[in-house]
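> Build me a structure from this.
(one chain, ligands or ions: 2)
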Amino acid sequence: MKQLRLEPVEKVSGVVNIPGSKSISNRALLLATLAKGKTTLTNLLDSDDIRYMLASLKQLGVQYELSDNNTVCELEGLGNPITAKQAETLFLGNAGTAMRPLCAALTLGSGEFTLTGEPRMEERPIGDLVDSLRQLGANVTYLKNDGFPPLTINADGLNGGEVEIAGDLSSQFLTALLMVAPLTKDSVNINIKGELVSKPYIDITIALMAQFGVEVINHDYRRFEIKSGQQYVSPGKVLVEGDASSASYFLAAGAIQGGEVKVTGVGKLSIQGDVKFADVLEKMGADIEWGDDYIISRQAKLTAVDLDMNHIPDAAMTIATAALFAEGTTKITNIYNWRIKETDRLAAMATELRKVGATVEEGHDYISVTPPAELNTADIDTYNDHRMAMCFSMMAFAPCGITINDPDCTSKTFPTYFSEFARLAC
Ligand SMILES: O=C(O)C1=C[C@@H](OP(=O)(O)O)[C@@H](O)[C@H](O)C1
Ligand SMILES: C=C(OP(=O)(O)O)C(=O)O
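Numbering: from 1, shown residues only. Ligands and ions are numbered 1, 2, ... in the order given. Okay, the predicted model is just below:
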């Protein structure tokens, strides 16, 4: 297994232009496919999760051209749902933003589609989405375990009407349903069962649907109305913002060991909820400055916070390792769904934080972290989870440094992460 040793870094400073947002890249690719007209996407993310979406679209006959560095994509929209004459099997890795939206989108047209992924994908639920699609007439069969991929879709279009969807495990199910709703046979009203998690991701979905000409009426994240007769039309160009979750590591670095760090490509005009990570850092004491498309963080004495971070589930992981440099006990609450992501992130985070000497309480849906008087170095296991690897790079700010096992797992969303991180060390 490859390991990456991070020697102690005394100060960081500089500017990082953050690669494109995973969430926006995969949504925009799918909407551009369903839309009428050609779309040019710029600052597209070049990472595994996007490659799985792009490869699937190609296999399904969608025509696009990518620039040499894979960040500009000119895609010819179908102006119609996806159809296939022969049965197709699509491999989607561990990309939730490909699996869930494609599962919904492929029920719209005609043909037989099998969706598969990595072993971890087979443990990540999709049943709440499939139950809702079935209410609209979809024919979906599980190939192994009920409620989980792999699955086969026999597509023949979707009816409209009233539909219920559970909101308490993942917002990606609702995102998927929203994106197909305008292409069903009638208006769709979606009713949320339970409290919806990760709400800001729904704002990203609605904002992108609006860019492609479709209106969603949002009644307080409890009921959504999508009128029939709407059509996706390409806006011509879509600029993908920098990924706000990826920005969190550099902002935390600036707060712990700046100098100052400026991230560009994402700022106060962002449609991504994870920019609110900067507000949490500020509450911990960091000096934060906002521009329309940049955020700066400067070093300050950090103190612990006790906060509900359901709205920023991905960036919240960065708070768990920033907590190693804050005075007191940091508590991150209402994050049950960390357990069903790339790994059981509550268990993984607790195990690895303990290795460096922290006192950790792992609850059913929370974690609390108290730093030791002196941090220890360790070999950090990353569980094939890009965010475990990126979060633990913060340990380079301890006098002992850190070793990251399997650092290449960052390829899911940020293949160049460790070289960007190294560039900031003064
Ligand atoms: O819709 C999206 O783009 C995402 C939604 C979130 O998932 P959940 O809604 O499952 O929390 C987030 O963790 C994931 O990385 C991306
Ligand atoms: C949860 C994540 O990914 P996915 O889109 O596969 O759900 C993540 O990137 O942290």
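
> who in this protein is up against ligand 1?
23, 96-97, 170-172, 175, 197-198, 201, 313-314, 337 (CB under 6 Å from any ligand atom). C-betas here are computed from N, CA, C, even on glycine.

> Residue ranges of each domain in the chain, please.
What automatic domain parsing lists as the domains of the chain is 3-19+241-424, 22-239.

> Let me know whether the last one sits next to ligand 2.
Yes: legend: contact between domain 22-239 and ligand 2 by CB under 6 Å from any ligand atom is shown at Asn94, Ala95, Gly96, Thr97.

> which of the residues of the chain next to ligand 1 lies closest to Leu60?
Using CB to CB, Thr97 comes nearest to Leu60 of the residues of the chain next to ligand 1, at 16.8 Å.

> Now for that closest one, how many residues are close by?
The number of residues packed near Thr97 is 25, by other CB atoms under 10 Å.

> a helix runs through it, doesn't it?
Yes: inclusion of Thr97 in a helix is indicated when DSSP: H, G, I helix; E, B strand; the rest coil is applied.

> follow-up on the earlier one: wait, which of the residues of the chain next to ligand 1 is closest to ligand 2?
Gly96 (2.7 Å; CB to the nearest ligand atom).

> how near is the nearest residue in space to the closest one that is not next to it in sequence to Asn337?
Of all residues not flanking Gly96 in the chain, Gln172 sits nearest, at 5.3 Å (CB to CB, 6 or more residues apart in numbering). Shown here: Gln172 relative to Asn337, a distance of 10 Å by CB to CB, to the nearest Å.

> Surely Ile340 touches Ile126?
No: Ile340 is beyond contact range of Ile126, at 10.6 Å (criterion: CB atoms under 8 Å).

> Neighbour count for those two, which is higher?
Higher neighbour count among Ile340 and Ile126: Ile126, with 28 against 16, using other CB under 10 Å.

> Spit out the contact partners of the closest residue to the more buried one other than its chain neighbours.
Spatial nearest neighbour of Ile126, chain neighbours left out: Pro149 (5.9 Å); criterion: CB to CB, 6+ apart. Neighbouring residues of Pro149 by CB atoms under 8 Å, 6 or more residues apart in numbering: Leu92, Met99, Leu115, Thr116, Gly117, Met121, Glu122, Arg124, Ile126.

> List only buried entries from those residues.
Leu92, Met99, Leu115, Thr116, Gly117, Met121, Glu122, Arg124, Ile126 (16 or more other CB atoms under 10 Å).

> Of the residues you listed, which is the nearest to Asn70?
For the buried ones among the contacts of Pro149, the nearest to Asn70 is Leu92 (17.9 Å; CB to CB).

> That closest one against Met121, yeah?
Yes: using CB under 8 Å, Leu92 is in contact with Met121, at 6.8 Å.

> List just the nearest of the buried ones among the contacts of Pro149 to Val280.
Arg124 (26.0 Å).

> what about stretch 270-284 and ligand 2, any contact?
No: between stretch 270-284 and ligand 2, judged by CB under 6 Å from any ligand atom, nothing touches; the nearest distance is 9.9 Å.

> start to end distance for that stretch?
End-to-end distance for stretch 270-284, by CA to CA, to the nearest Å: 22 Å.

> Stretch 349-366 too?
By CA to CA, one end of stretch 349-366 lies 11 Å from the other end.

> what does stretch 192-200 give?
15 Å.

> what about the protein, any weak spots by pLDDT?
Regions of the chain meeting the criterion pLDDT under 70 are absent.

> hmm, what's the outermost residue in it?
Ala373 (33.9 Å; CA atoms, centre = their mean).

> sorry, back to before: shouldn't the residue nearest to Gly96 be in contact with Cys103?
No: assessed by CB under 8 Å, Gln172 is found out of contact with Cys103, at 9.9 Å.
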